[in-house]
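Chemist: Structure for the following, please:
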Amino acid sequence: MTLERQATVSRRGPDPLIDPSNFTVERLPGLAIVFEQFAEALAENLAPLAPSASFSMEKIRSATLFSVLEENQGDLAGVLHCRDLDARALTIANRGFVDALAHSAFGGKENGGAAANGSAPRPFTRIEMQLVEWVARAAASALARSLAGVADAPFSFERLETLDNTPILGRRDAPVVIAHLLFETLGASGRFIALLPQAMLLPLRQKLSRDPAAEATVVDPRWARQMEAGVSSTRIPVNGVLEEFEMTLGEVADLSVGRVLALRDSGSGRVRLESGGHNLFWCKLAQVDGRYTLEVAEPIEQEKGLLEQMMTN
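Modeler: Model prediction:
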């Protein structure tokens, strides 16, 4: 890169695609939903091993890979790989989590990782490492499920490592996002971490910035007007009934052209307006320009509630 090119980049400021200050967890409400779904899916995947186990999300924060390595020295990390996104993620299990998981799976002692005199925790056994690998594989499936609405990200388990100062995911100053989960089962508890590099999430920011809860409460006024217009213009059959009376089947069979049927009404001239089998209004029978007409007089009281329901629907 020439000096002129370097000066141009400096004047423009840091590249927004890699600048950590341009990435804030608070502006990505969809990220919290992803991790909540991850916690639920992980608990389901662990049910065969720990039926009573549950995960709950405590917090999400941004950090650097170096700070995570410093805070979790000696913990077990499952490296997950997504070939489609060309990215790797981490699951981190500390001693408390491993002890709680072993307590649930085998009935082991709680908080047995450290000696009574406060000495350093004992090394992880081969069985414990196999348990954590099993959890990491379950986490890969859970992470793919939780990201399904955002990206096609089929993660798979790659390897298990003990965290130290080596660059496990590349540059030690790489910005990452961490979800802290609380694991609880049978009176024991521990903490589990899911770590995603910001570089993997940057292309997904637009989708993760959406808040499904807020979007669900917003109604498009144009859509509402179109819906109202469509419902209002729907055509339904309406009938005007002058009188109803019963006849026997034999009387109906004797009907012929020219037969006069006497109406039993007292002559009030009221016509019942109905639709769909529901009574709507009483109308007056009138005649205008040689044509019979119906003048709406009053609602039929006993059907008023039903009418209001039909109008609101």
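Chemist: Can you tell me the element the closest residue to Val150 other than its chain neighbours falls in?
Modeler: Distance criterion CB to CB, 6 or more residues apart in numbering; nearest residue to Val150, sequence neighbours excluded, is Lys207 at 4.9 Å. C-beta here means a position set from N, CA and C on the backbone, and glycine is covered the same way. Assessed by DSSP states H and E, Lys207 sits inside helix 205-208.
Chemist: Show the average pLDDT along that helix.
Modeler: Averaged across helix 205-208, pLDDT comes to 81.
Chemist: let's have the chain start at 20 instead
Modeler: In the new numbering, first residue 20, that becomes helix 224-227.
Chemist: May I see the buried residues of that helix?
Modeler: By neighbour count with 16 or more other CB atoms under 10 Å, helix 224-227 contains the buried residues Leu227.
Chemist: contact partners of that helix?
Modeler: Residues from elsewhere that reach helix 224-227, judged by CB atoms under 8 Å, 6 or more residues apart in numbering: 42, 47-50, 53, 168-170, 220.
Chemist: try it again with 7 Å
Modeler: Helix 224-227 is contacted by residues 47, 49-50, 169, 220 when judged by CB atoms under 7 Å, 6 or more residues apart in numbering.
Chemist: With just CA atoms, put that helix into CSV.
Modeler: Output in CSV follows, covering the C-alpha atoms of helix 224-227 (Å, rounded to 0.1, in the frame of the first residue of the first chain):
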residue,chain,number,x,y,z
ARG,A,224,-26.4,-7.1,11.2
GLN,A,225,-29.4,-6.0,9.1
LYS,A,226,-31.4,-9.0,10.1
LEU,A,227,-30.2,-9.0,13.7
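Chemist: Show me how far that helix is from its chain's centre.
Modeler: Averaging C-alpha positions (CA atoms, centre = their mean, to the nearest Å) puts helix 224-227 14 Å from its chain's average.
Chemist: So which residues of the stretch 170-319 of the chain form strands?
Modeler: All strands of the stretch 170-319 of the chain, identified by DSSP state E, counting those that start in this stretch, fall at 175-181, 194-204, 207-216, 258-260, 289-294, 297-307, 310-318.
Chemist: Quick one, which of these gets closest to Arg114.
Modeler: Of all the strands of the stretch 170-319 of the chain, it is strand 207-216 that lies closest to Arg114, at 7.9 Å by CB to CB.
Chemist: now the closest one and strand 194-204, what's the angle there?
Modeler: 160 degrees (axes from the mean of the first three to the mean of the last three CA atoms, to 10 degrees).
Chemist: Touching strand 207-216 from outside, list them.
Modeler: 54, 57, 74, 87, 106, 108-113, 115-116, 118-119, 122-123, 129, 158, 188, 193, 195-202.
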